[in-house]
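Chemist: build the 3D model from these lines:
(2 chains)
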2 protein chains.
Amino acid sequence: MTAEIIAVGSELLTPQRVDTNSLFLTRKLYERGIEVVRKTIIGDDRQRLALEIRRARESSEVVIMTGGLGPTLDDLSRDAASDALGRKLVFHQQIVDWIEERFRRRGRKMADVNRRQAYILEGAEIIPNARGTAPGQWFADDAGILMLLPGPPRELEPMFVDQCMPRFEKIESPYQYHTVSMRVSGVPESDLDQRIGPIYSAEPRVATTILAAPGDIQIHLRAKAARKEEARTIAEELAALVESELGQQIYTRENEPLEEVVGRRFHELGLTLAVAESCTGGLLAQRITAVPGASQYFAGGFVSYTEDAKINWLGVDQTTIEQHGAVSRETTEAMARAVRGKAKASVGAAITGVAGPGGGTERAPVGTVFIGIASESSVAVKERHFGGERELIRSLAAQTTLELLLRIVR
Amino acid sequence: MTAEIIAVGSELLTPQRVDTNSLFLTRKLYERGIEVVRKTIIGDDRQRLALEIRRARESSEVVIMTGGLGPTLDDLSRDAASDALGRKLVFHQQIVDWIEERFRRRGRKMADVNRRQAYILEGAEIIPNARGTAPGQWFADDAGILMLLPGPPRELEPMFVDQCMPRFEKIESPYQYHTVSMRVSGVPESDLDQRIGPIYSAEPRVATTILAAPGDIQIHLRAKAARKEEARTIAEELAALVESELGQQIYTRENEPLEEVVGRRFHELGLTLAVAESCTGGLLAQRITAVPGASQYFAGGFVSYTEDAKINWLGVDQTTIEQHGAVSRETTEAMARAVRGKAKASVGAAITGVAGPGGGTERAPVGTVFIGIASESSVAVKERHFGGERELIRSLAAQTTLELLLRIVR
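Modeler: Sure thing, here's the model as predicted:
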């Protein structure tokens, strides 16, 4: 079974606006073994929408339209679906009663325009909306399923999970699915694909997806079989082959970020962590504390962005900075030691570097980053040279630090 | 003139993966007065892609395909465009020479598969790619323009700006455009629309776009007229009306984030800033240092996530915390004063709060945030109660702090 998602609304075609509903729906459909083969964003244009619905129903069994169910003249999903299916819209007084009641509870009166939301495709089921005025619609015929859902994620998400997913469960599928996910840090995407491409390509029963973010790659292996147990065996067998190739470079078998794995290991081992950041300016601390419960192992951090802060707050020796520079192996080592001591933590991590665009020198050009990890017995400092813009350099510096921290606690 | 964007690649149809190229292209096209009327994401399927190109060219003058130009068998944009246009692909030896040279410079040898990247649509212009092996293609005929561009943003963006935009400039348009942008902090989207909706709706010559992020709203007013000067006047007249309604809540007339405006003002006034963060865990410092040159006014930060850090690093009085709690007006005030003193900065900002999901108390439920701003003469503390998840609460806490900082330097 394949699916297409049509997001409706001219506002979704403006710069910087992301259609997040389709990400949510793709994930949910994927869990049910339904592949999304196309996503389309279209403005509020009745004819374009009707043509798109017709085209989508010709190529996929499931078509989900999001948005365009509001009360205004710009909300055209109902009319477009009616045009595309050649079916009338039927007025439902019960929906008006229900919207009126909703307004009444808020001490307001329903506007007349809201009556538009009471029109439902002939033959469609109404999907009640507990968080807004627009009901959804579920229409099924021999060509497949057409769903109309409201645009706001807080309305759409519970409607889809509570009311659409159970309807899917009733539709018999000849296949069962099992997915194994893993995440890898510190391997370039091209290298990874060269190493595991031959492995997963040899297993046609598994759909392999590789998602690459800076310094972090997700691998999803989804097996398909007649029985659930069989799908699990196929996926796990392939996962074992991938693992034997990548080994310790796989940092998790759950779909969780690196900071969560690092944090859990620190907590399990009863260790604490403190950080001193220069070029990343708080990014590392921010990632560590994004994990709920981080206070159980995170002792705190210094954003020692200036020389004064390195000297006065952390206690780095001024001559170390003068002799070797703020961005140097020696200063980074001193910062890692110092923050560990200041925080009385088991481990201290420090980052210095030149994130650019300015500030590069011959000795430390833009992209140079030093990362120091101090434990009770020793301090290790790594030097890295990252390419790209300021944001990417900062992000790779934080990611690499987490990777080095994981090595000492895994 | 209207445009459609087709993003190619099965990986873009997986959950969590956002097609960021289309946001970039929409913004650039918008500046040129070209409206994007549809965005489509399609997997690596030659037939689906060819059909989509044909359909898109029937409805819009400009069609941009991104991705699918790599060297592997999964990269099908060239073949699909050839099918859709009914035009051959022509092999260009010069492209192979150029790719080989690129590999040679890196001390590597070109793989045979890269020869696939040397095929160009008959009649198309080659768009050189300085940052990767895949050249772009620009094809124009009576039906309009078809562009093929590589998927990686760092390759696509300079190619589009340096090579495609100038080609657009040569195409005559009957209209000229002028856009005024402004950004607003701390006003809920529905309130904003209620206040300025009647103003912009009364001006049909201006297309108004409102983009809302947590705590931050962008307003774009794009006027269309026969002459550039006329478009500017129309846009500026409407902007003046919007400004008279929103006043100081508009923090910039450029499209720049709040941390950039705050940073520039601190720098202009010769002031310095230091921060102490508890629940935001470095997020505020990270935003401040995301701006290049932040070292000119940012004296540094403390991620005082624990009580020990508040007491030992900042020097907050232990009895203050014991009497009032770590999340309290009094502790926040003490932190703001302390960080200002420690950093010898003009201004100290402090944040404490409960970001959740755990850790809420009767006195300070999840979402409670105190923000303190200390200057030489005084300390002001604000109490806020944010709704939503951990990430949203942290993000609103940082945004609100920047907003309060702007108030004292604007």
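Chemist: tell me the spacing between residue A:23 and residue A:66.
Modeler: 11 Å (C-beta to C-beta, to the nearest Å). Yep, even glycine has a C-beta here, placed from its N, CA and C like the rest.
Chemist: just want to know which of those two has more residues nearby.
Modeler: residue A:66 (28 against 18; other C-beta atoms under 10 Å in any protein chain shown).
Chemist: from residue B:7, how far off is the more buried one?
Modeler: Counting by C-beta to C-beta, the gap from residue A:66 to residue B:7 is 18 Å.
Chemist: secondary structure class for residue A:224?
Modeler: strand (DSSP: H, G, I helix; E, B strand; the rest coil).
Chemist: leaving out chain neighbours, which residue sits closest to it?
Modeler: residue A:175 (4.9 Å; C-beta to C-beta, 6 or more residues apart in numbering or on different chains).
Chemist: and the helices in chain A?
Modeler: Per DSSP state H, chain A carries helices over the ranges A:20-31, A:46-59, A:77-85, A:93-105, A:153-159, A:165-170, A:189-201, A:228-246, A:258-269, A:283-289, A:307-308, A:318-324, A:329-343, A:390-409.
Chemist: quick check: buried residues in the fifth one?
Modeler: Put plainly, it is helix A:153-159. A:155, A:156, A:157, A:159 (16 or more other C-beta atoms under 10 Å in any protein chain shown).
Chemist: which outside residues touch it?
Modeler: A:20-21, A:24, A:66, A:127-132, A:134, A:136, A:149-150 (C-beta atoms under 8 Å, 6 or more residues apart in numbering or on different chains).
Chemist: residue A:195 - how many residues pack around it?
Modeler: Neighbour tally, residue A:195, other C-beta under 10 Å: 14.
Chemist: contact residues of the stretch 101-250 of chain A facing chain B?
Modeler: Neighbours of chain B within the stretch 101-250 of chain A, by C-beta under 8 Å from any C-beta of the partner chain: A:209, A:210, A:211, A:220.
Chemist: just the angle between the helix-or-strand element of chain A with minimal mean pLDDT and helix A:20-31, please?
Modeler: None of the helices or strands of chain A scores lower by mean pLDDT, DSSP states H and E than strand A:206-213, at a mean of 78. Relative orientation of strand A:206-213 and helix A:20-31, computed by axes from the mean of the first three to the mean of the last three C-alpha atoms, to 10 degrees: 150 degrees.
Chemist: about what we covered before: out of the buried residues of helix A:153-159, which is nearest to residue B:119?
Modeler: Nearest to residue B:119 among the buried residues of helix A:153-159: residue A:156, at 42.6 Å, using C-beta to C-beta.
Chemist: any idea how far the closest one lies from residue B:297?
Modeler: For residue A:156, the distance to residue B:297 equals 43 Å [C-beta to C-beta].
Chemist: next: residue A:31.
Modeler: From residue A:31 over to residue B:297 the distance is 48 Å, taken as C-beta to C-beta.
Chemist: what about these two, which has more around it?
Modeler: Counted by other C-beta under 10 Å, residue A:31 and residue B:297 do not tie: residue B:297 has more neighbours, with 24 against 13.
Chemist: which ones are touching the nearest residue to residue A:53 once chain neighbours are set aside?
Modeler: Closest residue to residue A:53 apart from its sequence neighbours, by C-beta to C-beta, 6+ apart: residue A:84 at 3.8 Å. Contacts for residue A:84 (C-beta under 8 Å, 6+ apart) come out as A:49, A:50, A:51, A:53, A:54, A:57.
Chemist: same question for stretch A:396-410, mean pLDDT?
Modeler: For stretch A:396-410, the mean per-residue pLDDT is 95.
Chemist: buried ones in it?
Modeler: Result for stretch A:396-410 [16+ other C-beta under 10 Å]: buried residues A:396-406, A:408-409.
Chemist: cool, and stretch A:205-221?
Modeler: A:206-212, A:215-221.
Chemist: for that stretch, C-alpha coordinates in PDB please.
Modeler: Output of stretch A:205-221 as PDB, limited to C-alpha atoms (Å, rounded to 0.1, in the frame of the first residue of the first chain):
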ATOM      1  CA  ARG A 205      13.400  -8.100   1.700                       C
ATOM      2  CA  VAL A 206      14.700  -5.200   3.700                       C
ATOM      3  CA  ALA A 207      14.100  -1.500   2.800                       C
ATOM      4  CA  THR A 208      17.100   0.400   4.000                       C
ATOM      5  CA  THR A 209      17.000   4.200   4.700                       C
ATOM      6  CA  ILE A 210      20.000   6.200   5.600                       C
ATOM      7  CA  LEU A 211      19.500   9.700   7.000                       C
ATOM      8  CA  ALA A 212      22.500  11.900   7.400                       C
ATOM      9  CA  ALA A 213      22.800  15.000   9.600                       C
ATOM     10  CA  PRO A 214      26.200  16.700  10.400                       C
ATOM     11  CA  GLY A 215      28.300  14.100  12.100                       C
ATOM     12  CA  ASP A 216      25.300  11.800  12.800                       C
ATOM     13  CA  ILE A 217      23.800   9.100  10.600                       C
ATOM     14  CA  GLN A 218      20.600   7.100  11.200                       C
ATOM     15  CA  ILE A 219      20.200   3.700   9.600                       C
ATOM     16  CA  HIS A 220      16.700   2.200   9.400                       C
ATOM     17  CA  LEU A 221      16.300  -1.400   8.200                       C
END
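Chemist: pull the residues that contact it.
Modeler: A:35, A:179-187, A:189, A:192-193, A:196, A:200, A:222-225, A:234-235, A:238-239, A:242, A:255, A:257-258, A:392, A:395-396, A:399-400, A:403, B:10-11, B:14, B:16-17.
Chemist: kindly report the same for stretch A:46-53.
Modeler: Contacts of stretch A:46-53 (C-beta under 8 Å, 6+ apart): A:6, A:8, A:40, A:42, A:63, A:65, A:68, A:76-77, A:79-81, A:83-85, A:146, B:37-38, B:59.
Chemist: what pLDDT, on average, does it get?
Modeler: pLDDT averaged over stretch A:46-53 gives 94.
Chemist: next one: stretch A:241-256
Modeler: 92.
Chemist: same question for stretch A:333-348.
Modeler: The model assigns stretch A:333-348 a mean pLDDT of 97.
Chemist: likewise for stretch A:309-324?
Modeler: Rounded mean pLDDT across stretch A:309-324 is 95.
Chemist: what's the answer for stretch A:155-165, then?
Modeler: For stretch A:155-165, the per-residue pLDDT averages 94.
Chemist: tell me the bridge partners for whatever residue of the stretch 101-250 of chain A ends up closest to chain B.
Modeler: Closest residue of the stretch 101-250 of chain A to chain B, C-beta to the nearest C-beta: residue A:209 (5.1 Å). Beta bridges link residue A:209 to residue A:220, judged by DSSP bridges.
Chemist: count the neighbours of residue A:363 for me.
Modeler: Residue A:363 has 10 nearby residues by other C-beta under 10 Å.
Chemist: do I have it right that it meets residue A:326?
Modeler: No: the criterion here is C-beta atoms under 8 Å, and residue A:363 misses it with residue A:326 at 11.1 Å.
Chemist: what residues are up against residue A:72?
Modeler: Residue A:72 touches A:113, A:116, counting by C-beta under 8 Å, 6+ apart.
Chemist: and if we set it to 10 Å?
Modeler: Residue A:72 makes contact with A:44, A:113, A:114, A:116, according to C-beta atoms under 10 Å, 6 or more residues apart in numbering or on different chains.
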